[in-house]
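S.K.: Need a 3D model of the sequence below.
(one chain, ligands or ions: 1)
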Amino acid sequence: MVYINKEEWQPKQGIVLEEQAYEIVKCEENSRVLAGPGAGKTELLGQRASYLLETNTCRNPKKILAISFKKDSATNLQERVKQRCGIELASRFESKTFESFAKNLVDRFGNGLPNYLKPSADYIIKFINPRDVRELFDCMGNPENYPWERISYRDFAMNHASESLPLLKQDVNSLESYYKYRIWSYLIKEQTKSELTFPMISRLAEYLMRSNPKLVFALQETYSHVFLDEFQDTTSLQYDLFKTCFKGSNVKVTAVGDIKQRIMGWAGAMPEAFSYFGKDFHSENYELILNHRSTKKLIDIQSSIVEDILGVNPETEYPTYKAETKNSDCKVFIYENEIDEAESVANLIDYKLESENLQPRDICILVRMLPDRYSETVISELNSKNIHSRIENKWQDLLAENCMPLILNCLRLAIHERDPDSWSDLLSFLKYVNGAYDSEEYKLEISAHQFLQKLKESILSEIQTRDLIWEIINFVGIDHLKDNFPEYFQGDYLERVINETSSFLDLSLNRQGGKWKEALDDFLGLNSIPIMSIHKSKGLEFECVIFLGLEDDAFRNYTENKTEEDYTFFVALSRAKKDFYITFNSGRFGGQQRINISPIYQMIDNAGVDIVKGT
Ligand SMILES: Nc1ncnc2c1ncn2[C@@H]1O[C@H](COP(=O)(O)OP(=O)(O)OP(=O)(O)O)[C@@H](O)[C@H]1O
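M.R.: Coordinates of the predicted model:
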């Protein structure tokens, strides 16, 4: 491998980095980057990874670890690095979610835990809903020695693993602390298979690392650099784990985020994450001010809204290299019933597809919550115009599965032999999971070629989709897959992923009259207007965003959580590159108002956005 001189390194794919961004890419210390939406934070991490790998600043065989919040963000970043610096170097870039980072540590080194905290190898991932808490308390038993106290089920569901391990019996002094103490043995030792929530896994991972300095040392020897994306959403539990692993080490950490996009407070995001990081990691601080995503018109609206939320004028600039898009648009449409709203939204989308040459994936419908209910009428109105749309929440995580590139590339190659991108992606996947050297590539090529022939025959003989997918998995070998992606060791997780993939593929096949090529595009959503909640849209961008239902009911916690809900609205607005539309429908669900959320309407008005009757 020939490495590039540090001075000669250039950003990839025609990207021009602003001066600050250049400094961050090359920074030799810990750094903290605050930047607004579209400032290129994710792009910056991709470029920094290329720089570190291509110049061998991340010295071979050391690796870079990137931690994101969402599975699809982690997959996107991995993909960007692969594109920027090639498959070989990108194999030293590991992009994970916080959850998978923690789980990986427990799965690999869980034997280092004391017996009473050691989960069974086939442990199950559990989610605790507030409505399950009563039953959980009953099952754990009611102790007699603590006075009754009112415990919020919601708080318990969220905070059941809020304390650092080990919990000591002598510290139990209330009913709540009793249940927090008791839950560990109850779920780990008193079930046929241990049950663990993700917060418990993070706590176990943290304790494991804290009590095994050799493991911490091994981790710090594996990674020379660590990236933290969307740092504003870090919970204290995640931060504790991170600190235990990397604080005080030589590993260089880059944390990027945007406090105006802090919308996970309800899930425990730390309000002061950035300042703790600054103190603990003695970081250099940077700010990026360009917005590479949106038009000047939308940037001005965003700035006005941020100024209203924070009381300060954010420094955001439109890059000089871009020519301003003249017909950028932003409006609020007011309706009195769902039919009018749905017809008007469907007409607007139809117009954008026909007259502005947008592709379905360039347009997104966002809702604050309950996508099924808010978009039902719009979906059927779009259907009547032959425009397909779908609620992405169900697909997003599935498409980000680690086995998905394997499945999709094999299917694509079996139905359409000459697809060089799929072929090279498949080979690099096979090389990766087999840990093969370049010299062994030829052997892999032959076996892949033979397998694809066989798969083609299976497709022609119309075997069940589920069996086709199992053929693909068995070709690689379940063990190989599990060794490389430990999440598939978990109980029947791989089976569930395969079942879900095959039933979604069957849906697509049905819709496309059994034609595989079209069905694969359909499965990927290439021909559908995506519909999703704002929280699922984080990190994404679209030419045109239509936000359905800026109404009191959609923001029902507005009064208690004003700042976070303002940020949530801001995240929706900042997903748009060119057009942003909002609807208000006074007739929805028997009657809607905009009294509680009047501050949002005030900000919209202050930003000069027109509020007009929808037609
Ligand atoms: N230096 C650059 N020059 C040109 N385009 C850029 C540059 N940096 C980023 N972009 C483009 O701008 C858009 C936004 O970038 P990116 O998604 O990295 O921003 P972000 O800061 O992570 O956004 P957000 O926090 O809002 O999700 C993308 O389309 C990206 O390709």
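
S.K.: For the closest residue to the ligand within the stretch 451-600 of the chain, which three-state class applies?
M.R.: Distance from the ligand to each residue of the stretch 451-600 of the chain (C-beta to the nearest ligand atom) is smallest for Gly539, at 4.3 Å. In short, each C-beta sits where N, CA and C put it, glycine included. The three-state assignment at Gly539 reads coil, by DSSP: H, G, I helix; E, B strand; the rest coil.

S.K.: Need the phi and psi values for the residue nearest to it when sequence neighbours are not counted.
M.R.: The spatial neighbour of Gly539 that comes closest, neighbours along the chain excluded (C-beta to C-beta, 6 or more residues apart in numbering), is Ser73 at 4.9 Å. The phi and psi torsions at Ser73 (degrees, to the nearest 10) take the values phi -70, psi -40.

S.K.: Ser73 reaches Leu228, doesn't it?
M.R.: No: distance between Ser73 and Leu228: 11.6 Å, which falls outside the contact criterion (C-beta atoms under 8 Å).

S.K.: between these two, who's got more neighbours?
M.R.: Leu228 (27 against 21; other C-beta atoms under 10 Å).

S.K.: Report the beta-bridge partner residues of that one.
M.R.: With DSSP bridges as the criterion, Leu228 is bridged to Ile67, Ala255.

S.K.: Could you do Arg32 as well?
M.R.: According to DSSP bridges, the partner residues bridging Arg32 are Ala255, Asn285.

S.K.: mind listing what it touches?
M.R.: In this structure, Arg32 makes contact with 231, 255, 274, 277-278, 281, 283-286, judged by C-beta atoms under 8 Å, 6 or more residues apart in numbering.

S.K.: Distance check, the closest residue to the ligand within the chain against Thr97.
M.R.: For the chain, the residue positioned closest to the ligand under C-beta to the nearest ligand atom is Gly40, at a distance of 2.7 Å. Using C-beta to C-beta, to the nearest Å, one obtains 21 Å as the distance from Gly40 to Thr97.

S.K.: Next up, the contacts around Ser73.
M.R.: 42, 97, 229-230, 538-539.

S.K.: other SSEs contacting the strand ranked longest in the chain?
M.R.: The longest strand of the chain (DSSP state E) is strand 576-585. Based on contacts counted as 3 or more C-beta pairs under 8 Å, 6 or more residues apart in numbering; DSSP states H and E, the elements that strand 576-585 packs against are helix 296-310, strand 329-335, helix 338-355, strand 542-548.

S.K.: again, 6 Å this time
M.R.: The helices and strands touching strand 576-585, judged by 3 or more C-beta pairs under 6 Å, 6 or more residues apart in numbering; DSSP states H and E, are strand 329-335, strand 542-548.

S.K.: hmm, back to that, just the buried residues from the contacts of Ser73, in ChimeraX please.
M.R.: The following ChimeraX command selects only the buried members of the contacts of Ser73, with burial defined by 16 or more other C-beta atoms under 10 Å:
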select :42,97,229,230,538,539
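
S.K.: Turn the contacts of Ser73 into CSV, columns for distance to Gln220.
M.R.: Rendered in CSV, the data for the contacts of Ser73 read as follows (distance: C-beta to C-beta, whole Å):
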residue, distance to Gln220
Thr42, 25
Thr97, 21
Asp229, 20
Glu230, 23
Lys538, 30
Gly539, 28
